[in-house]
Every structure is written in structure tokens, then in C-alpha cells.
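S.K.: sequence and predicted structure are below.
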Amino acid sequence: MDQYVIKGGIPLRGEVSISGAKNSALGIIAATALLDEPVTITNVPEIRDIEVLLRAMEGIGARIDRKDAHTVRINAKGVSPLALDNEYLRKIRGSYYLIGALLGRFKKAQVVLPGGCDIGPRPIDQHIKGFEKLGAVVEIKHGMVMAEAKALCGNHIYLDMASVGATINIMLAAVLAEGQTIIENTAKEPHVVDVANFLNSMGANIKGAGTDVIRITGVDKLHSTTYSIIPDQIEAGTFMIAAAATKGDVVIKNVIPKHLEAITAKLVEIGVGVEELDDAVRVYSNERCGNTHIKTLPYPGFPTDMQAQMVALLVLSNGTSVITEGIFENRFKYVDELIRMGASIKVEGNTAVVDGVEGLTGAMLSASDLRAGAALVIAGLTAEGITTVENIEFIERGYERFEDKIGKLGGIIKKMDSEDERALRKFRLKVC
Ligand code: EPU
């Protein structure tokens with residue numbers, strides 16, 4: 001198994017370019033199953049979750065042509081809607097978007113229930129409610145979601161919570177339905193808007209994405225398109241926090257500053273310098289940051305996917321911070337790892353109370369999920385001495401060449417086999 005070995009204490013400096021958004025790419029790639037014509041997608045992030053979804057699509061009959069590292073042409077003409085199960089589909093959350101896409105196209109879909117990061121229960125009742133409102137009969141049997149409709153007809157759907165997954169999945173099922181679908185209390189995340197823009201570029205008629213109400217007028221057919229995915233707001237936020245935590249100075253390029261406003265506002269509040277440029281942000285700091293209170297919320301609130309990284313910064317703050325997780329039930333698993341580095345954190349229910357300390361010390365750590373893994377890397381970059389982070393396959397699910405990007409900013413981080421003690425000794429000798 002691979003691990004990251006990090007020598008902390010070096011401020012990150014320079015420029016880093018952000019890749020395409022993972023959670024947009026998952027929705028957009030699955031949405032290509034809606035039509036039997038080829039679609040070209042650019043700015044596709046080169047990360048494990050996308051590789052897995054592309055393999056899953058190939059496994060069910062889609063033709064995948066990789067034009068270059070970030071461009072893929074997908075032709076889903078040969079895809080069948082029935083009994084879709086393969087090792088790849090089971091691994092990732094995004095495979096559930098195939099239910100909406102195939103139901104929309106074939107009026108039936110049988111797809112294995114999705115996997116994804118273990119961050120608490122992740123029900124899909126709102127997705128199912130939406131499909132049923134459109135006229136499908138949905139059952140879960142033998143670990144598969146089975147959905148079928150004589151015809152899909154537009155309807156009025158009110159989501160109990162602003163779920164990203166349900167909003168996207170219902171849009172996918174509704175674009176080819178008869179008549180108008182109105183979805184209320186929808187998620188407003190940038191990736192929801194990106195998927196809607198992609199569908200519109202294929203001839204769909206979706207209005208209101210990015211607001212609380214999405215109106216979809218069904219069309220008869222979608223057509224081929226070429227589409228570029230937006231930058232990943234969470235990868236950008238992760239580098240913003242890494243810059244602040246290491247007291248560095250980093251220009252984070254290829255971002256949409258508007259998508260980063262909740263993160264920017266918190267950083268500014270605790271004394272970190274943030275300069276917004278056209279399609280970049282500069283983040284700099286040279287002193288211990290202040291404390292704050294944060295509650296994770298649906299967009300435009302502070303994102304749950306940035307909670308762990310923010311805690312990795314606040315453990316070094318001057319004061320006590322209170323962080324409340326408002327989206328998932330079990331997203332503080334990484335806290336024990338930070339405590340092993342000397343952090344002072346108490347978790348009660350969905351709230352963590354962080355008493356800032358002056359410094360962390362390197363330790364042997366294990367990532368429990370994607371964002372937790374990124375937070376441990378940030379902590380390692382600030383710590384005195386060597387930190388190892390195991391289970392980095394979680395990090396590779398969502399961060400493209402994370403160690404290369406950090407290395408180019410001057411951070412000392414190396415990916416190596418956790419069994420390779422010689423490589424570890426060599427690294428220690430070189431950096432200590
Ligand atoms: N929920 C339900 N029923 C549903 C759907 C959601 O109760 O039918 C609940 C969830 O349990 C959760 C809340 O509603 O408490 C929000 O869940 P949402 O559906 O918005 O999340 P998701 O679609 O499962 C996506 C991202 C996550 C990100 C969340 C929130 C993908 C593939 N995943 O998950 O990304 O944290 O939205 O923004 O898009 C990550 O990238 O690290 C990650 C976990």
C-alpha cells in the first residue's frame with residue numbers, strides 16, 4: 001500500500017493550478033448515458049473516482065476514448081439499462097447517477113447500490129421519491145436499485161433536504177420526461193449548475209439551477225456536445241488552507257472565486273490574507289491565525305467537504321474554535337489522528353471544540369476518507385518532523401497528483417510503498 005511521507009515546517013510558496021471538479025465530472029460522465037451519440041468532455045480531473053466511473057461505464061457497454069489526460073469522448077450507444085453491476089460501480093457514490101440517466105433514456109434502470117466514503121449513513125430516499133413522482137416504480141432488491149416506468153411524466157417534487165445527489169439524479173431522469181418537472185428545495189452547489197449547463201448544451205431545457213427551484217421542460221431528444229468541466233472548488237479550498245496553515249503565499253489558479261466565497265470569508269475572518277483575482281486567488285499568511293465558529297451547510301454555506309481541512313488549520317489557531325458538522329453524521333473520524341500530533345480537540349455529537357496549540361509534531365497517521373486524508377496531509381505539512389499518512393488511496397479518489405502539486409510549491413512530500421523501509425530511511429536521511 002502507498003503512503004505519503006511528509007517533512008513539515010516548510011511554507012508553501014508559488015502557483016498551483018486546480019483541476020476539473022470531481023463531483024461535476026461524476027454527474028456529467030454518468031449523464032452521457034442519456035444519449036446514443038458521442039460526447040466530448042474536457043477538463044476531466046485525472047483522479048481515481050473518475051477512472052473508476054469510466055471503467056464502470058465501459059463495463060456496461062459505453063465506448064470510452066481518452067483523447068488526452070483531461071479529455072474523454074464517451075459514446076453510450078451500446079449501454080444496456082439492466083442488471084448493471086461491476087466492481088467499479090460498487091466502489092463510488094457517483095454511480096447512482098446512472099439510475100437517473102438510464103431511467104430517463106430507457107424508462108428502466110437496474111443499478112447496484114453505490115459505495116463512496118464512509119462519512120455516515122447516506123440514504124437515497126429523496127432520489128427514489130423523485131423517480132416515483134415522475135411515474136417510476138422503484139424497488140431495492142438484492143443490493144440493486146430497480147426502477148421502471150411505462151412513461152415518465154413531469155411533476156412537482158419537493159425535496160426534504162437540499163441533496164446534491166437527489167437534485168442531479170432527478171434532473172437526469174426528468175430531461176426526457178413528458179411535460180414540466182419542478183424540483184423545489186434543490187441543492188445550489190456549483191456542480192449542480194455545471195451538470196445542468198452540460199445537459200442544456202445537449203439540448204435539455206433546464207432553468208433555475210443554482211437557485212432553490214429548478215424547472216425542467218422535457219425534450220424529445222438530446223444531441224452530441226463538447227463541454228468543459230468547472231474547476232474543483234474543494235481542491236482549490238484545500239490549497240487555500242494548506243497555504244494558510246504553512247504560513248505560505250500561494251496563487252491558486254484556474255478557480256472561480258465566487259465558488260470559494262464561504263472559504264475566503266472564514267479565512268479573512270481569522271486573519272489570513274486572501275486576494276481575489278480574475279480566475280485565481282492568492283492566499284498568504286505569516287502569523288498564527290485566529291479562532292472562529294463554523295457550521296457546515298449546503299452551498300453557499302461553508303462546505304462539509306472543507307470541514308476537516310479547516311480543522312487542520314484551526315488546531316494551530318490562537319484561541320478556541322467550535323466546528324459543527326451540519327450535513328453528515330460521522331465526519332470527525334480524523335480527529336484522533338490530529339490528537340496524535342498534539343492537537344487539542346474534543347468531539348461531542350456533531351460538534352468539535354478545538355483549542356489551538358502552538359505546534360504539531362509528526363506522527364504515523366491513517367486517512368479515514370478523502371477529505372480527512374487531505375486534512376492530515378495539511379497537518380503533516382505544518383508539523384515538526386516526519387509525518388506518514390497511510391490509506392492514501394482515499395486521497396487519490398479526489399485529488400489529482402496531490403503530492404506533485406504540493407512538491408511544486410516547495411512542500412516536502414513523497415509517495416512511497418509503506419513496506420519499503422529502505423525508501424523511508426533514505427527520505428529521512430535526505431530531509432532531516
Ligand atoms: N440525504 C438523505 N436522503 C437522500 C439524499 C441525501 O437523507 O436521498 C442526506 C444525506 O444523508 C446527507 C444530506 O442529505 O445528510 C446531504 O447529502 P447529499 O445528497 O447532498 O450528498 P451526496 O450527494 O451523497 C455529494 C458529494 C459529497 C458532498 C455532498 C454534500 C458527490 C458524489 N458527493 O454527496 O462529496 O460531501 O454532496 O455537498 O457529489 C466528497 O467529495 O468528499 C464528498 C463526500
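M.R.: Perfect, I can see it now.
S.K.: who touches whichever residue of the chain sits closest to the ligand in this structure?
M.R.: Of all residues in the chain, residue 165 sits closest to the ligand, with a separation of 2.7 Å (Cβ to the nearest ligand atom). C-beta: built from backbone N, CA, C; applies to glycine. By Cβ atoms under 8 Å, 6 or more residues apart in numbering, the contact set of residue 165 is 93, 96-97, 124, 126-127.
S.K.: what do you get if the cut-off is 10 Å, keeping everything else the same?
M.R.: 23, 26-27, 93-94, 96-97, 100, 114, 116, 122, 124, 126-127, 187, 192 (Cβ atoms under 10 Å, 6 or more residues apart in numbering).
S.K.: of those residues, closest to residue 208?
M.R.: Among those, residue 192 lies closest to residue 208 (Cβ to Cβ), at 10.5 Å.
S.K.: could I get the pLDDT score of the closest one?
M.R.: You'll see residue 192 listed with a pLDDT of 98.
S.K.: list the contacts of the nearest residue to it once chain neighbours are set aside.
M.R.: Excluding the flanking residues, the one nearest residue 192 by Cβ to Cβ, 6 or more residues apart in numbering is residue 167, at 5.3 Å. Residue 167 sits next to 27, 126-127, 130, 157, 159, 183, 185-189, 191-192, 195-196, 209, 214 when contact means Cβ under 10 Å, 6+ apart.
S.K.: before we move on, the earlier item: most surrounded residue in the contacts of residue 165?
M.R.: Top of the contacts of residue 165 by neighbour number is residue 100, holding 31 neighbours under the definition other Cβ atoms under 10 Å.
S.K.: ok, that one to residue 368 distance?
M.R.: Distance, residue 100 to residue 368, by Cβ to Cβ, to the nearest Å: 29 Å.
S.K.: surely residue 315 meets residue 376?
M.R.: No. Counting by Cβ atoms under 10 Å, residue 315 does not reach residue 376; the two are 11.4 Å apart.
S.K.: tell me which of these two has more neighbours.
M.R.: Set residue 315 next to residue 376 and count neighbours by other Cβ under 10 Å: residue 376 wins out with 33 against 28.
S.K.: can you tell me the SS state at that one?
M.R.: Recorded secondary structure, residue 376: helix (DSSP: H, G, I helix; E, B strand; the rest coil).
S.K.: list the residues that contact the closest residue to residue 184 other than its chain neighbours.
M.R.: Of all residues not flanking residue 184 in the chain, residue 158 sits nearest, at 4.7 Å (Cβ to Cβ, 6+ apart). Neighbouring residues of residue 158 by Cβ under 10 Å, 6+ apart: 126, 129-130, 133, 182-186, 213.
S.K.: specify the local secondary structure of residue 243.
M.R.: helix.
S.K.: quick one, what contacts it?
M.R.: The contact partners of residue 243, by Cβ under 10 Å, 6+ apart, come to 11-14, 16, 249-252, 267, 272-274, 281-285, 313, 378, 381, 409.
S.K.: go on, residue 416?
M.R.: For residue 416, the contacting residues are 2-5, 388, 403, 422-424, 426-427, by Cβ under 10 Å, 6+ apart.
S.K.: what strand or helix carries it?
M.R.: strand 412-417 (DSSP states H and E).
S.K.: got it, and residue 172?
M.R.: Using DSSP H and E, residue 172 maps to helix 164-174.
S.K.: please identify the helix or strand for residue 53.
M.R.: Counting by DSSP H and E, residue 53 is part of helix 48-59.
S.K.: so after the helix holding residue 172, what's the next helix or strand?
M.R.: Assigned by DSSP H and E, the successor of helix 164-174 is strand 180-184.
S.K.: CA atoms of stretch 86-97 as CSV?
M.R.: Extracted in CSV, the C-alpha atoms of stretch 86-97 (Å, rounded to 0.1, in the frame of the first residue of the first chain):
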residue,chain,number,x,y,z
ASN,A,86,-19.5,-4.5,-11.6
GLU,A,87,-16.7,-4.0,-9.1
TYR,A,88,-16.3,-0.4,-10.3
LEU,A,89,-19.9,0.6,-9.9
ARG,A,90,-19.9,-0.6,-6.3
LYS,A,91,-16.9,1.5,-5.3
ILE,A,92,-18.1,5.0,-5.9
ARG,A,93,-21.0,7.2,-4.9
GLY,A,94,-21.4,8.8,-8.3
SER,A,95,-22.5,5.5,-9.9
TYR,A,96,-26.0,6.3,-8.6
TYR,A,97,-26.4,8.9,-11.3
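S.K.: against residue 6, how distant is residue 60?
M.R.: Where residue 6 is concerned, residue 60 sits at a distance of 39 Å (Cβ to Cβ).
S.K.: so those two - more neighbours on which side?
M.R.: Comparing residue 60 with residue 6 by other Cβ under 10 Å, the one with more neighbours is residue 6, at 30 against 23.
S.K.: ok but that one is inside a strand, no?
M.R.: Yes. Judged by three-state DSSP, residue 6 forms part of a strand.
S.K.: residue contacts, it?
M.R.: Residues counted as contacts of residue 6 (Cβ under 10 Å, 6+ apart) are 362, 365, 376-383, 385-389, 403, 406, 411-414, 427, 431.
S.K.: mind giving me the PyMOL select for those, buried ones only?
M.R.: The PyMOL command for the buried members of these (criterion: 16 or more other Cβ atoms under 10 Å) is given here:
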select buried, resi 362+365+376+377+378+379+380+381+382+383+385+386+387+388+389+403+406+411+412+413+414+427
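S.K.: centroid-wise, who is the farthest residue in the chain?
M.R.: The outermost residue of the chain relative to its centre, with distances by Cα atoms, centre = their mean, is residue 429 at 36.0 Å.
S.K.: which residues do residue 315 and residue 376 both contact?
M.R.: Applying Cβ under 10 Å, 6+ apart, one finds that residue 315 and residue 376 are jointly contacted by 338, 341.
S.K.: check which helices and strands the helix or strand bottoming out on mean pLDDT in the chain is in contact with.
M.R.: One helix or strand of the chain scores below all others by mean pLDDT, DSSP states H and E: helix 87-91, with a mean of 74. Under the contact definition 3 or more Cβ pairs under 10 Å, 6 or more residues apart in numbering; DSSP states H and E, helix 87-91 sits against helix 48-59, strand 108-112.
S.K.: look up how far residue 155 lies from residue 272.
M.R.: Residue 272 sits 46 Å away from residue 155, going by Cβ to Cβ.
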